[in-house]
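Participant: how would this look folded up:
(chains A, B and C)
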Amino acid sequence: MSEDTASEVLDTAARRRWMGILARASASEIAARLRDAPPLPAHTRLRGPETGLVMVRGRQGGDGAPFNLGEMTVTRCAVGVGGAVVGHAYVAGRDAAKAELAAVLDAALQDGSLRPALLGAVVEPLAAAQADRAARTARKAAATRVDFSTLAVMR
Amino acid sequence: MAYVAVKGGERAIGNAHAWLDEARRGDPALPALSVRQIEEQMSLAVDRVMAEGACYDRPLAALAIKQARGDLIEAAFLLRAYRTTLPRFGASTPLDTGAMRVRRRVSATYKDLPGGQVLGPTFDYTHRLLDFALAADEDMPRPPMPEAQADSAVAPRVTGLLAQEGLMAAEPASDAEPGDLTREPLEIPADRPLRLQALARGDEGFLLGLGYSTQRGYGNAHPFVGELRMGEVAVEIAPPELGFAVEIGDIVVTECQMVNQFAGSRNEPPQFTRGYGLVFGQGERKAMAVALVDRALRARELGEEVGAPAQDEEFVLYHCDNVEATGFVEHLKLPHYVDFQSELEKLRAIRAAAATDARREAAE
Amino acid sequence: MRAAALSPGLSDPATDAQGCFRALLDAMSRPGLVRRVPVAELRPPAPLSPAAAAVLLTLADAATPVWTDAGADAAAWLAFHTGCPPAASPGDAAFVLACGTPPPLDALMQGTDEEPHRSATVVAQVAALEAGRGGWRLSGPGIDAAHRLRVSGLPEGFAARWAANRAVFPRGVDLILCAGRDVAALPRTTAIVEEG
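Facilitator: Predicted structure coming up:
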């Protein structure tokens, strides 16, 4: 694949999005969605899957100079598909199988002919499930929001 | 200090380990605790171990708690030991706690603030009465958790509201590479990023006591909780081979902005200053204690009188790490036979010399 | 990034790196003896030899800036597998990987008298290594009487430069020589007593 076609295929924003969604899904969730998806291409391992650490940083005062908060476990994997396409995964935790699956999916999703089917069968359902979970947490939090106006009525 | 290699304890140690394992398991007639159960039902212990172990991994922290029989300092130690076996892939881009998906967010300084007061899963309004219903073996059916319409607006930081009025000292914008005390030994004086790292992994009890001391007059503190927030933030890294940043997942953190008076100095008008605490997991007590101690440690920088223990950088930073403290305190129980033998001989010699002198004096 | 820069590294990273480390430890502690790194399947991008590549995969990480003259593919491959940052100049590098003529040794990090370990390690790729007969006669710690090591492919006058490096002990650089899958080492304590 030449540099030009690579940049055509690679819409960084879209890739960032699916990588983030795959990172947040569990291996079993991904595997379950793959049952309704076209088969994944064969791949070779270029690096990993291997587990290591990422130093998580915060900012002093929330918005000042960075500081090192502590580390977290992360598993990464890089795979080659079809000789020229490289799929990457960096996922929180220690699940090597998930990291490899996410890397293969990243490679497959870069292939314009596979992308629509994989987005539809895997990425979008996972994204919807994650959005549902986040929304449910937000609704629970909203239920614990203090409504001071109620006190004013009682006075 | 000298140690002597002592052989012969191998069988005893092996048997002690066997007993330790039996004791860890407890009554075998009872079902064993699963790591998942600990992760889900002892979640604040898991959070504390991750914070003090300085390693965010819920299943690992839960396993450490199980292995350590619930000794949380031992569990943090296990996590610290485990992390040394792993390579470091890099550092995250700094967390954006302003974009936190808030589960809890309260302010003691403003009643009505954008985003509101969100209580979240807190012990605050419980009566601290033991709930004997929980002692029943059977899981009680639980009414569904109430939900309410959530507005998607992100809650702005309280410190930002004060800064708009110019009443809050601004944090200088910076992307300076922070020092890392896991790579370079901590040296005094330490800058604020290093102090915040040390405090984030420090012992909750030690920091709580120090924070409390600042309120009781040991240090010039007049703190308000400007804001306390807990929830999920995305962790993002930018691996060089990708050339762009990707999110690797979400973690739960607790952040405390402690607002403190500042009398002003020659260069600065009177204004509020921040004490800041950020810790892994849901750790409100710890985040507040860190924020109090962080502000106390800024005394020198702000030209305030330095005298209280919480303001003493060396005292705080060198003693807040419970794994280090454990190592040095507990090493005292290891064999010091030769050390002590020499002390004994010295003492006997001094006493013998004194007795000889006394006899000589009596004879003269 | 080009595909060559992302070809596989060690096939079993933990075990392979341990095997390489053992070979290096042997080579370092018995200067002049030739050891083979156990990486039969390693195919690094040109011009890296398996030995030079294995040494870097074993020793380099995110805390060790690497300078190399081996080209963009090799540098990217090393960074991809080890996380090592590129050094701006040889003098900033913890590891100097030279496939051609190594940079002047006294221009590299020398360490300090207090912290002599903060010095560079030179990984020099040479044409061939042969122990036992001819070439340099080596002496120093780790060598009972003398070790012979014949090195093909180092620039002329290297022995004189090495003598100068040895003179600044405890500062100075250490040298790992690589050819094919063979490694030999000259720690800064080793003297080249004669060239044959």
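Participant: quick one, longest strand in chain C?
Facilitator: Longest among the strand segments of chain C by residue count, using DSSP state E, is strand C:128-139.
Participant: In the longest helix along chain A, which residues are buried?
Facilitator: Criterion DSSP state H: the longest helix present in chain A is helix A:124-143. Buried residues in helix A:124-143, defined by neighbour count with 16 or more other CB atoms under 10 Å in any protein chain shown: A:125, A:126, A:127, A:130, A:137, A:138, A:140, A:141, A:142. Every residue, glycine included, has its C-beta placed from N, CA and C.
Participant: what's in contact with it?
Facilitator: Residues from elsewhere that reach helix A:124-143, judged by CB atoms under 8 Å, 6 or more residues apart in numbering or on different chains: A:17, A:21-22, A:24-25, A:29-30, A:33, B:101-104, B:118, B:120, B:145-152, B:231-232.
Participant: Need the buried ones from those residues selected in ChimeraX.
Facilitator: Typed into ChimeraX, the line below selects the buried ones among the contacts of helix A:124-143, using 16+ other CB under 10 Å:
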select /A:17,21,22,24,25,29,30,33 /B:101,102,103,104,118,120,150,231,232
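Participant: taking the contacts of helix A:124-143 one by one, which sit in helices?
Facilitator: Those of these mapping onto helices are A:17, A:21, A:22, A:24, A:29, A:30, A:33, per DSSP H.
Participant: Tell me which ones among those also neighbour chain C, please.
Facilitator: Among the ones in helices among the contacts of helix A:124-143, not one lies near chain C by CB under 8 Å from any CB of the partner chain.
Participant: List just the nearest of those to chain C.
Facilitator: Nearest to chain C, judged by CB to the nearest CB, of the ones in helices among the contacts of helix A:124-143 is residue A:22 at 19.6 Å.
Participant: quick one: that closest one and chain B, what's the gap?
Facilitator: Here residue A:22 is placed at a distance of 10 Å from chain B (CB to the nearest CB, to the nearest Å).
Participant: Next: residue A:67.
Facilitator: Note on residue A:67: its distance to chain B, by CB to the nearest CB, is 3 Å.
Participant: For that residue, grab phi and psi.
Facilitator: Dihedral pair for residue A:67: phi -140, psi 160, per degrees, to the nearest 10.
Participant: State the pLDDT value of it.
Facilitator: On pLDDT, residue A:67 comes in at 98.
Participant: how many other residues sit next to it?
Facilitator: Per other CB atoms under 10 Å in any protein chain shown, the neighbour tally for residue A:67 reads 26.
Participant: which element is the closest residue to it other than its chain neighbours on?
Facilitator: Using CB to CB, 6 or more residues apart in numbering or on different chains and skipping residues adjacent in sequence, the residue nearest residue A:67 is residue B:193, 3.5 Å away. For residue B:193, the enclosing helix or strand under DSSP states H and E is helix B:192-200.
Participant: who in the stretch 201-350 of chain B is up against chain A?
Facilitator: B:201, B:231-232, B:234-235, B:237, B:239, B:241-242, B:244-251, B:253, B:255, B:257, B:274, B:276, B:278-280.
Participant: Run through those and flag the ones next to chain C.
Facilitator: Contacts with chain C within those, as defined by CB under 8 Å from any CB: residue B:241.
Participant: List buried residues within the residues of the stretch 201-350 of chain B next to chain A.
Facilitator: The neighbour-count test (16+ other CB under 10 Å) marks B:201, B:231-232, B:234-235, B:237, B:239, B:241-242, B:245-251, B:253, B:255, B:257, B:274, B:276, B:278-280 as buried among those.
Participant: taking those residues one by one, which sit in strands?
Facilitator: B:231-232, B:234-235, B:237, B:246-251, B:253, B:255, B:257, B:274, B:276, B:278-280.
Participant: show me where pLDDT drops low in the chain?
Facilitator: Picking chain A for this. For chain A, residues meeting the criterion pLDDT under 70 lie at A:1-10, A:149-155.
Participant: wait, I meant chain C there
Facilitator: Low-confidence regions of chain C, defined by pLDDT under 70, span residues C:1-5, C:196.
Participant: The same query, at a cut-off of 90, please.
Facilitator: C:1-7, C:11-14, C:40-41, C:62-63, C:132-134, C:145-146, C:155-157, C:193-196 (pLDDT under 90).
Participant: what residues does it put near chain B?
Facilitator: Residues of chain C lying near chain B (CB under 8 Å from any CB): C:1, C:6, C:61, C:62, C:63, C:76, C:79, C:80, C:83.
Participant: Kindly recompute the last result at 10 Å.
Facilitator: In this structure, chain C approaches chain B at residues C:1, C:5-6, C:13-14, C:61-63, C:76, C:79-83, C:85-86, judged by CB under 10 Å from any CB of the partner chain.
Participant: hmm, back to that, paired strands for the longest strand of chain C, with orientation please.
Facilitator: Looking at strand C:128-139 with DSSP bridges, its partner strands are strand C:147-152 (antiparallel), strand C:191-195 (antiparallel).
Participant: deepest of those, which one?
Facilitator: Most buried of the strands paired with strand C:128-139, by mean neighbour count (mean count of other CB atoms under 10 Å in any protein chain shown): strand C:147-152, with a mean of 18.
Participant: beta partners of residue B:258?
Facilitator: Beta bridges link residue B:258 to residue B:225, residue B:275 when assigned by DSSP bridges.
Participant: And residue C:122, by the same measure?
Facilitator: Where residue C:122 sits in a bridge, its partners, by DSSP bridges, are residue C:96, residue C:175.
Participant: need the contact list for it.
Facilitator: Each residue near residue C:122 by CB atoms under 10 Å, 6 or more residues apart in numbering or on different chains is listed here: C:67, C:90, C:93, C:95-98, C:102-103, C:105, C:108, C:165, C:173-177, C:186.
Participant: rerun that using 6 Å as the cut-off
Facilitator: Applying CB atoms under 6 Å, 6 or more residues apart in numbering or on different chains, we find residue C:122 in contact with C:96, C:102, C:173, C:175.
Participant: Point to the residue nearest the middle of chain C.
Facilitator: Nearest to the geometric centre of chain C sits residue C:123, at 2.2 Å (CA atoms, centre = their mean).
Participant: So that residue versus chain A, what's the distance?
Facilitator: Note on residue C:123: its distance to chain A, by CB to the nearest CB, is 21 Å.
Participant: cool, residue B:112 as well?
Facilitator: In this view, residue B:112 and chain A are 7 Å apart by CB to the nearest CB.
Participant: Output the set of residues of chain A in proximity to chain C.
Facilitator: A:46, A:84, A:86 (CB under 6 Å from any CB of the partner chain).
Participant: Would you list the buried entries among the residues you listed?
Facilitator: In the residues of chain A next to chain C, burial by neighbour count holds for A:46, A:86, counting by 16+ other CB under 10 Å.
Participant: Let me have the residues of chain A next to chain C in JSON lines, extended by secondary structure.
Facilitator: Shown next, in JSON lines, are the residues of chain A next to chain C (DSSP: H, G, I helix; E, B strand; the rest coil):
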{"residue": "A:46", "secondary structure": "strand"}
{"residue": "A:84", "secondary structure": "coil"}
{"residue": "A:86", "secondary structure": "strand"}
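Participant: Out of the residues of chain A next to chain C, which comes closest to residue A:75?
Facilitator: Nearest to residue A:75 among those, counting by CB to CB, is residue A:46 at 14.8 Å.
Participant: Could you find the residue nearest the spatial middle of chain A?
Facilitator: Nearest to the geometric centre of chain A sits residue A:20, at 2.3 Å (CA atoms, centre = their mean).
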